[in-house]
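K.L.:
Sequence isn't available, so here's the structure alone:
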């Protein structure tokens with residue numbers, strides 16, 4: 001028996017086979033700026049936390065400035081990016097918040113299937129812009145970044161006293177909590193795990209995401225774009 005194959009030349013099939021843009025250019029550039037500054041901050045911050053202040057890190061030698069100075073300047077850059085991104089993209093920021101805090105009972109099914117889906121790619125259905133795991137990660141990462149940026153800015157403006165000591169503790173502990181979250185985000189977003197293979201293109205190389213990947217991970221969002 002001969003199975004009839006779909007007509008790949010039809011407009012509908014051509015549209016579904018075409019790469020999709022999940023994030024616009026402004027969002028991709030903001031994301032790139034944030035993760036580059038955050039990576040520098042993690043590298044210099046952990047270098048200082050491990051007691052290496054008297055020994056210049058590779059980044060300090062490259063930029064020819066002390067790690068403390070580099071860490072502070074890049075921290076202000078991150079604060080500026082966060083402020084600019086919120087002010088310029090108010091609508092996008094609002095969508096990010098609204099989509100991140102919405103949870104439904106069906107999300108529990110998605111989480112139950114997630115451990116196996118990481119290997120197989122067979123994720124549960126969900127109807128949001130972000131999958132349930134992304135929503136939790138968005139909330140945790142945003143809270144962690146706010147704590148790190150706020151405490152870091154306070155430390156840069158103060159030079160001692162009880163408030164400074166308290167800010168140092170907040171900065172240190174928020175770094176401890178934020179680091180594994182960021183590492184997990186990098187692993188998933190890079191597409192190293194079989195179930196997330198190809199997702200990195202949504203934020204890189206023009207944001208040209210394979211429609212099969214988009215349909216598999218963000219089914220309702222993909223269908224709304226058709």
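P.N.:
Yep, that arrived. The model shown is predicted, which means the values in this text are computed figures rather than measured ones.

K.L.:
Residue 155: what's it in contact with?
P.N.:
Residue 155 is in contact with 164, 167, 168, 171, counting by C-beta atoms under 8 Å, 6 or more residues apart in numbering. The C-beta positions use only the backbone N, C-alpha and C, and glycine is treated the same way.

K.L.:
three-state assignment of the first one?
P.N.:
Read that as residue 164. helix (DSSP: H, G, I helix; E, B strand; the rest coil).

K.L.:
any idea of the pLDDT on it?
P.N.:
On pLDDT, residue 164 comes in at 94.

K.L.:
Leaving out sequence neighbours, find the closest residue to it.
P.N.:
Spatial nearest neighbour of residue 164, excluding adjacent residues (C-beta to C-beta, 6 or more residues apart in numbering): residue 158 at 4.5 Å.

K.L.:
Can you get me a residue count around the nearest residue to residue 204 once chain neighbours are set aside?
P.N.:
Distances taken as C-beta to C-beta, 6+ apart place residue 28 nearest to residue 204, at 7.5 Å, with adjacent residues excluded. For residue 28, the count of nearby residues is 18 (other C-beta atoms under 10 Å).

K.L.:
ok, residue 28 to residue 90 distance?
P.N.:
Per C-beta to C-beta, to the nearest Å, residue 28 is found 18 Å from residue 90.

K.L.:
so who does residue 42 touch?
P.N.:
Residues near residue 42 by C-beta under 8 Å, 6+ apart: 175, 179, 182.

K.L.:
mind listing what the first one touches?
P.N.:
It refers to residue 175. Residue 175 is in contact with 42, 45, 46, 49, 148, counting by C-beta under 8 Å, 6+ apart.

K.L.:
Distance check, the second one against residue 31.
P.N.:
Read it as residue 45. Counting by C-beta to C-beta, the gap from residue 45 to residue 31 is 20 Å.

K.L.:
Those two - which one has more neighbours?
P.N.:
residue 45 (22 against 17).

K.L.:
and the helix or strand hosting that one, which residues are buried?
P.N.:
Here residue 45, judged by DSSP states H and E, is contained in helix 25-49. For helix 25-49, burial by neighbour count (16 or more other C-beta atoms under 10 Å) applies to 27-28, 30-31, 33-34, 37-38, 40-45, 47.

K.L.:
For the next helix-or-strand element following it, which outside residues touch it?
P.N.:
Per DSSP H and E, the first helix or strand lying C-terminal to helix 25-49 is helix 58-63. Helix 58-63 is contacted by residues 40, 43, 44, 66, 67, 70 when judged by C-beta under 8 Å, 6+ apart.
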